[in-house]
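Student: Fold the following and give me the result.
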Amino acid sequence: MGISLLDAVKSFSPELPLAVAYSGGADSTALLLACVEKWPGQVCAVHVHHGLQPAADGFARHCQQFCDALGVPLMVRRVDARHASGQSPEEAARGARYAALQSVLIDSSGSMVCRSMAIAQHADDQVETILLALSRGAGLPGLAAMPARWQRGGVTYHRPLLAVRGSDIRVWLEHRGIPYVNDPSNTDQRLTRNRIRANLLPALEASFPRFRETFARSALHAAQAQQVLEELASTDAAVVARAGDGALSIARIQVLSRPRQANLVRWWLKSSFGAVPNTAQLEELLDQIADCTTRAHKIRIKVAGGFAVRSGAVLTWYNEKADPALSA
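Tutor: Residues are numbered from 1 along each chain as shown. Below you'll find the model as predicted:
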């Protein structure tokens with residue numbers, strides 16, 4: 001049932017030197033310590049100070065003391081993680097966190113200090129992510145949950161502990177007498193993830209003891225299926241997209257089946273513009289594409305932070321804040 005922390009780190013082979021995202025909590029403390037013991041002198045730590053609660057300064061001090069005791073360099077980045085209107089607090093904190101992690105890996109000359117970073121999310125975190133996705137009606141990208149490895153801005157990020165139970169991590173630390181901080185926000189049941197952790201995971205444990213492994217297998221199947229859909233969308237775009245600006249031919253979209261249209265348009269919006277439509281926006285857009293049988297038919301639909309519009313025979317997207325002239 002799962003693997004041990006040490007076995008997970010034993011099979012972990014990142015490009016060195018390695019940076020570890022270190023919050024001071026149990027999971028990142030265990031990952032940092034195990035990596036330092038495996039690669040002495042090749043590991044640094046990065047702490048993101050969100051400033052969202054009074055305890056944040058104490059977390060940073062604890063991290064500095066622990067890293068000093070290990071002889072590990074620690075880089076601390078303070079971020080403004082307050083969320084904007086229409087943005088969830090978790091989304092804002094996540095975006096600020098990754099921007100901060102990215103920034104510390106680049107030196108003053110613009111060169112990359114480390115090309116690998118490890119993050120300590122584990123098997124329980126993966127299950128929580130899947131259940132959150134289900135509760136929100138997510139598609140395959142959501143059900144695929146968190147990848148074990150991905151790239152962003154020239155950095156390869158790793159989650160080497162995704163097969164390790166959270167309780168096993170804490171037991172490992174306690175046996176060694178290693179201190180760690182407890183974030184009080186982790187017990188705040190106003191947050192959906194915390195309610196899942198407190199109420200659903202114990203029920204799953206009682207009814208389906210191997211739920212972590214089976215959920216992870218389902219997430220892998222979803223990730224594989226999503227990869228196939230993305231490859232199909234790329235193939236369709238090569239036929240449907242206009243050379244030069246990548247705008248989509250409306251007539252060529254209409255030839256495809258409705259599910260294939262949805263797959264193509266969703267992929268095009270995200271890959272070309274970073275725009276992710278919600279279900280209602282995408283369905284309305286596909287309805288308008290289907291009704292687009294005359295030259296006079298107009299399309300201008302709010303999608304994510306901009307608008308999908310018809311321009312002659314093609315469909316394009318723009319953000320009026322970035323290009324206000326197009327909103328006229």
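Student: Centroid-nearest residue for the protein?
Tutor: In the chain, the centroid-proximal residue (CA atoms, centre = their mean) is Met146; its distance is 6.6 Å.
Student: Ala45: how many residues sit nearby?
Tutor: For Ala45, the count of nearby residues is 27 (other CB atoms under 10 Å). No exception for glycine: its C-beta is placed from N, CA and C like everyone else's.
Student: who touches it in this structure?
Tutor: Shown in contact with Ala45 (CB atoms under 8 Å, 6 or more residues apart in numbering): Ala19, Val20, Tyr22, Leu32, Cys63, Cys67, Val72, Pro73, Leu74, Met75.
Student: Three-state assignment for the first one, please.
Tutor: Taken by DSSP: H, G, I helix; E, B strand; the rest coil, the conformation at Ala19 corresponds to strand.
Student: Same question for the last one.
Tutor: Counting by three-state DSSP, the backbone at Met75 sits in strand.
Student: rewinding a little: can you say which of the contacts of Ala45 are buried?
Tutor: Buried subset of those (neighbour count, 16 or more other CB atoms under 10 Å): Ala19, Val20, Tyr22, Leu32, Cys63, Cys67, Val72, Leu74, Met75.
Student: residue boundaries of the strands in the stretch 51-200 of the chain?
Tutor: Applying DSSP state E, counting those that start in this stretch to the stretch 51-200 of the chain gives strands spanning 74-78, 116-118, 149-152, 155-158.
Student: Highest mean neighbour count out of those?
Tutor: Greatest average neighbour count among these goes to strand 116-118 (a mean of 22), per mean count of other CB atoms under 10 Å.
Student: Counting by contacts, list what it packs against.
Tutor: strand 18-21, strand 155-158 (3 or more CB pairs under 8 Å, 6 or more residues apart in numbering; DSSP states H and E).
Student: ok, the last one: who's next to it in the sheet?
Tutor: Here strand 155-158 has these sheet partners by DSSP bridges: strand 116-118 (parallel), strand 149-152 (antiparallel).
Student: go on, the first one?
Tutor: Each strand that pairs with strand 18-21, with its direction, by DSSP bridges: strand 43-49 (parallel), strand 116-118 (parallel).
Student: mean pLDDT lowest for which of these?
Tutor: The minimum mean pLDDT among the strands paired with strand 18-21 belongs to strand 43-49 (a mean of 90).
Student: quick one, what contacts the residue nearest to the centre of the chain?
Tutor: Contact analysis of Met146 by CB under 8 Å, 6+ apart lists Gln121, Asp125, Gln126, Thr129, Arg159, Leu162.
Student: Show me which helix runs longest in the protein.
Tutor: The residue-count maximum for a helix in the chain (DSSP state H) belongs to helix 211-240.
Student: Please work out the average pLDDT along the helix or strand that that one is followed by.
Tutor: On the C-terminal side of helix 211-240, the nearest following helix or strand under DSSP states H and E is strand 248-249. Mean pLDDT, computed over strand 248-249, is 96.
Student: same deal with stretch 272-286?
Tutor: Mean per-residue pLDDT for stretch 272-286: 93.
Student: Contacts for it, please.
Tutor: With contacts defined as CB under 8 Å, 6+ apart, stretch 272-286 is touched by 137, 246, 258, 261-262, 265-266, 269-270, 299, 301-306, 308, 317, 319.
Student: how about a cut-off of 10 Å?
Tutor: Applying CB atoms under 10 Å, 6 or more residues apart in numbering, the contact partners of stretch 272-286 are 137-139, 141, 237, 241, 245-248, 253, 258-259, 261-262, 265-266, 268-270, 299, 301-308, 315-319.
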